[in-house]
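In: Whatever this is, show me its structure:
(one chain, ligands or ions: 1)
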Amino acid sequence: MADLTTQYMGLELKNPLIKGSSALTENLDGVLAMEKAGVGAVVLRSLFEEEIVEEMQASLDSMNTSSDLFPEQPGYYEHPAQYEPHSSEKYLDLIAQSKKRTSIPIIASINCITADEWTFYPRLVEQAGADALELNVFLMPSDTSRKASNNEQIYFDIAHTITQQVSIPVALKVGYFFSNVPSMLKELSGTDIDALVLFNRFYSPDFDIDKLSVTSSSVLSAPSDLATSLRWISIMSERVTCDLCASTGVHDGPALVKQLLAGADAVQAVSTFYRHGPRRAQEMLDFLSQWMNKKGYRRLSDFRGMLSQSRSQNPADYERTQFQKYFRGYRPEHSF
Ligand SMILES: Cc1cc2nc3c(=O)[nH]c(=O)nc-3n(C[C@H](O)[C@H](O)[C@H](O)COP(=O)(O)O)c2cc1C
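Out: Below is the predicted model of the structure:
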């Protein structure tokens, strides 16, 4: 019988499959459904930095309310319209309820872009009982007047500030828009964070060519999106000094196995649960167990990282981008 237990950020997981952050775990029912489906841990939907700051501001304003205040002034309305009122309080309640009603680790998530006013909040997350905190940090480096180093410093500021605030493990969920991906990931792993989640998947624009307007591209990932995280987990897994969690494009059991072979300590999935429902988790875990039995592996450590770049006879396989032989030998699917 395959033993799927593992450690991630110092947390004991009954298996390495984590339900990644999304609206599927924005309430207790979603969390309970994912626990019942068999995942090793869940990440709650993210609370946004702005939600925390706006509520803090609203509460300060309410203390200073004067009859001179008129509707156009900030603070006239008790809560800004963009977010649900009291969402940061409700989030703490979701953490506490999830902890009370489940026995798997509950990872809270905050979407942030600064290390400023909101940074008091992670302590409340810890007090509410969260087992860990995942920080979803992303700045689109689209400003031509900013240097890469200015943008990248923000990740370090956030990592330093938050790890000093809490004693629960902290993960940084990042994208790959860095000027030097491996050096940035290695340096981030050397801060006090406990894990890096590679990678977040972002909203991307698309065009409607009839309406001549900008629309959104697919919200859900496709199985082919696995390639980018698989490459970087393989390259980084033996080079970083924190845990690595794979994310994006993990839709089935074989993809879960691949990320573990690349060296992931844990693996997150989201889109596949939107497509196939929570029961997809057990199918993926059954596949992992059966594959391990077939290969004669008893524990995850028997094969984890076996196909990482550091252990490869041909490290260049992981870095090839313009692969002459591959492109030249590729046959068209239609006759010419
Ligand atoms: C509908 C939806 C909502 C999401 N909400 C969040 C969120 O609140 N916070 C976050 O960090 N990521 C969020 N994500 C991103 C996922 O956590 C994940 O990084 C991304 O979907 C890639 O994984 P996948 O290929 O398994 O879907 C969301 C994704 C989807 C599809």
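In: for the ligand, what are the nearby residues on the protein?
Out: Residues of the chain lying near the ligand by CB under 6 Å from any ligand atom: 20-23, 45-46, 109, 111, 136, 173, 200-201, 219-221, 225, 247-250, 269-271, 274. To be clear about C-beta, it is placed using only N, CA and C from the backbone, and glycine gets the same treatment.
In: Could you verify that Ile162 is part of a strand?
Out: No - applying DSSP: H, G, I helix; E, B strand; the rest coil, one finds Ile162 to be helix, outside a strand.
In: hang on, isn't it packed against Ala171?
Out: No - Ile162 lies out of contact with Ala171 (CB atoms under 8 Å); the separation is 10.5 Å.
In: which neighbours do the two share?
Out: By CB atoms under 8 Å, 6 or more residues apart in numbering, Ile162 and Ala171 have these common neighbours: Leu133, Leu135.
In: what helix or strand is Gln7 on?
Out: strand 6-8 (DSSP states H and E).
In: For this structure, which segments count as strands?
Out: Taking DSSP state E to define them, one finds strands in the chain at 6-8, 11-13, 17-19, 41-48, 106-112, 132-137, 170-174, 195-198, 205-208, 213-216, 243-246, 266-269.
In: neighbouring contacts of the third one?
Out: With CB under 8 Å, 6+ apart as the test, strand 17-19 has contacts from 8, 25, 34, 37-43, 107, 245, 256, 266-270, 273, 281, 284-285, 288.
In: Please identify the pairing partners of it and their relative orientation?
Out: strand 41-48 (parallel), strand 266-269 (parallel) (DSSP bridges).
In: Can you show me the CA trace of stretch 10-17 as CSV?
Out: Extracted in CSV, the C-alpha atoms of stretch 10-17 (Å, rounded to 0.1, in the frame of the first residue of the first chain):
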residue,chain,number,x,y,z
GLY,A,10,6.4,21.8,8.2
LEU,A,11,2.8,20.8,8.0
GLU,A,12,1.9,17.1,8.0
LEU,A,13,-0.2,16.3,5.0
LYS,A,14,-2.0,13.0,4.4
ASN,A,15,-1.2,13.4,0.7
PRO,A,16,0.6,16.0,-1.5
LEU,A,17,-2.5,17.3,-3.3
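In: chain center to that stretch: distance?
Out: The chain centroid and the centroid of stretch 10-17 are separated by 16 Å, computed with CA atoms, centre = their mean, to the nearest Å.
In: can you check stretch 284-294 too?
Out: Its chain's average C-alpha position is 24 Å from that of stretch 284-294, according to CA atoms, centre = their mean.
In: Pull out the buried residues from that stretch.
Out: Buried residues in stretch 284-294, counting neighbours by 16 or more other CB atoms under 10 Å, are found at Met284, Leu285, Phe287, Leu288, Trp291, Met292.
In: contacting residues around the fifth one?
Out: For Trp291, the contact set (CB under 8 Å, 6+ apart) comprises Gly253, Pro254, Val257.
In: Now the last one: closest residue in space, sequence neighbours ignored.
Out: Going back to what we said before, that points to Val257. Of all residues not flanking Val257 in the chain, Trp291 sits nearest, at 5.5 Å (CB to CB, 6 or more residues apart in numbering).
In: And the one you found, how close does it get to Asp116?
Out: 46 Å (CB to CB, to the nearest Å).
In: now swap in Ser98 and tell me
Out: 28 Å.
In: Please, where are all the helices along the stretch 151-300 of the chain?
Out: Per DSSP state H, counting those that start in this stretch, the stretch 151-300 of the chain carries helices over the ranges 181-189, 226-236, 253-262, 271-276, 280-295.
In: Just send the ones you listed back as CSV, with mean pLDDT too.
Out: Formatted as CSV, the helices of the stretch 151-300 of the chain follow (pLDDT from 0 to 100):
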stretch, mean pLDDT
helix 181-189, 97
helix 226-236, 97
helix 253-262, 98
helix 271-276, 98
helix 280-295, 98
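In: how about those in JSON lines, adding distance to Ile154?
Out: Output for the helices of the stretch 151-300 of the chain, formatted as JSON lines (distance: least, CB to CB, whole Å):
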{"stretch": "helix 181-189", "distance to Ile154": "11"}
{"stretch": "helix 226-236", "distance to Ile154": "20"}
{"stretch": "helix 253-262", "distance to Ile154": "28"}
{"stretch": "helix 271-276", "distance to Ile154": "28"}
{"stretch": "helix 280-295", "distance to Ile154": "34"}
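In: Who does the most centrally placed residue in the chain form a beta bridge with?
Out: By CA atoms, centre = their mean, the mean C-alpha position of the chain lies nearest to Lys173, the distance being 4.6 Å. With DSSP bridges as the criterion, Lys173 is bridged to Asn136, Val197.
In: Many thanks, we can stop here.
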